[in-house]
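> Model the following, please.
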Amino acid sequence: MPENLVNLLADLNEKEALEITGKRLDSGDDPMGILGEARRGMEIVGERFARGDYFIPDLVYSGEILKQISDMVKPRLTGSAEVKRLGKVVLGTVAGDIHDIGLNIVDFMLDANGFEVYNLGVDLPPQKFIDAIKETNSGVVGLSGFLTLAFDSMKETVAAITSAGLRDKVKIMVGGGQIDEDIRKFTGADAYGKDAMEGVALAKKWSGGA
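From the prediction side, this is the model:
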């Protein structure tokens, strides 16, 4: 049953989720279809977290299962028909913050939805984003932060991208635990995504894929 992977991931059943992923890849199932099911499973995890049924450790665990599934599937993508990429996205957690759970979920969701993602990691000074924008020619930048101290870092990063003469070349979204429209205005970003799927929707809109 294709639905099995959705439910296994949603129920945090690591062993069986990885087993069924391996079997389906070996039997020739579409890698993008498997990624899509993993994405739906993560959406259910997110819903359960929002309802209070799951907690931060459950999110961390689901992210670890997701990464393993992603690592299994990605090599098959390169061997299959060329995946049409919608655009390039630079992602990273800003200076002073080392949280990457949400960052990695957004990375996976964007990748599964056809974007070429450059995940720079955590605790990044503004120059890292500037260098990546220049090197990759990405049109979308995602700034992640969970702590309140990240707000100033996001503002400084947007200002630095502007000073580097790149602001009109990119759309910037911010996201993280306590980000809202007021923080978005404070940082000078174009939009904020309340969750990974909203981040995907923004990237699609800005890249002409929606």
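> From the contact counts, what lies against the one helix or strand residue 197 maps to?
Following DSSP states H and E, one finds residue 197 within helix 196-206. Contacts defined by 3 or more C-beta pairs under 8 Å, 6 or more residues apart in numbering; DSSP states H and E place helix 196-206 against helix 31-51, strand 87-93, helix 101-112, strand 140-144, strand 171-175. From N, CA and C alone the C-beta is placed, and that goes for glycine too.
> tell me the contacts of the residue of the chain positioned farthest from its centre?
In the chain, the greatest distance from the average C-alpha position (C-alpha atoms, centre = their mean) is reached by residue 27, at 28.2 Å. Residues near residue 27 by C-beta atoms under 8 Å, 6 or more residues apart in numbering: none.
> Where do the domain boundaries of the chain fall?
3-79, 87-206 (automatic domain parsing).
> Any idea how far the first one is from the middle of the chain?
Spelled out, it's domain 3-79. 14 Å (C-alpha atoms, centre = their mean, to the nearest Å).
> and that domain, what's its mean pLDDT?
Averaged over domain 3-79, pLDDT sits at 87.
> And for the longest one?
Confidence for domain 87-206, expressed as mean pLDDT, is 92.
> Just the endpoints, please. Distance across that domain?
The straight-line separation of the ends of domain 87-206 (C-alpha to C-alpha, to the nearest Å) is 9 Å.
> Can you give the distance of that domain from its chain's centre?
Worked out by C-alpha atoms, centre = their mean, domain 87-206 lies 10 Å from the chain centre.
> which helix of this protein spans the most residues?
Under DSSP state H, the helix in the chain containing the largest number of residues is helix 56-79.
> which residues touch that helix?
By C-beta under 8 Å, 6+ apart, helix 56-79 touches 9, 12, 14, 17-18, 21-22, 25, 31-32, 34-35, 38, 41-42, 45, 48-49, 54, 83, 101, 104-105, 108, 111.
> Need the winner for burial among the domains of the chain.
Ranked by mean neighbour count, the domains of the chain are led by domain 87-206 with a mean of 20 (mean count of other C-beta atoms under 10 Å).
> And the residue nearest the centre of the chain, how far from residue 160?
The centre of the chain sits closest to residue 106, judged by C-alpha atoms, centre = their mean, with a distance of 1.3 Å. Note on residue 106: its distance to residue 160, by C-beta to C-beta, to the nearest Å, is 21 Å.
> list the contacts for residue 54?
Taking C-beta under 8 Å, 6+ apart as the definition, contacts of residue 54 comprise 45, 48, 62.
> what do you get if the cut-off is 6 Å, keeping everything else the same?
Applying C-beta atoms under 6 Å, 6 or more residues apart in numbering to residue 54 gives the contacts residue 48.
> what about it, distance to residue 45?
Taken as C-beta to C-beta, the span from residue 54 to residue 45 is 6 Å.
> same deal with residue 126?
32 Å.
> same thing with residue 203?
Residue 203 is 21 Å from residue 45, by C-beta to C-beta.
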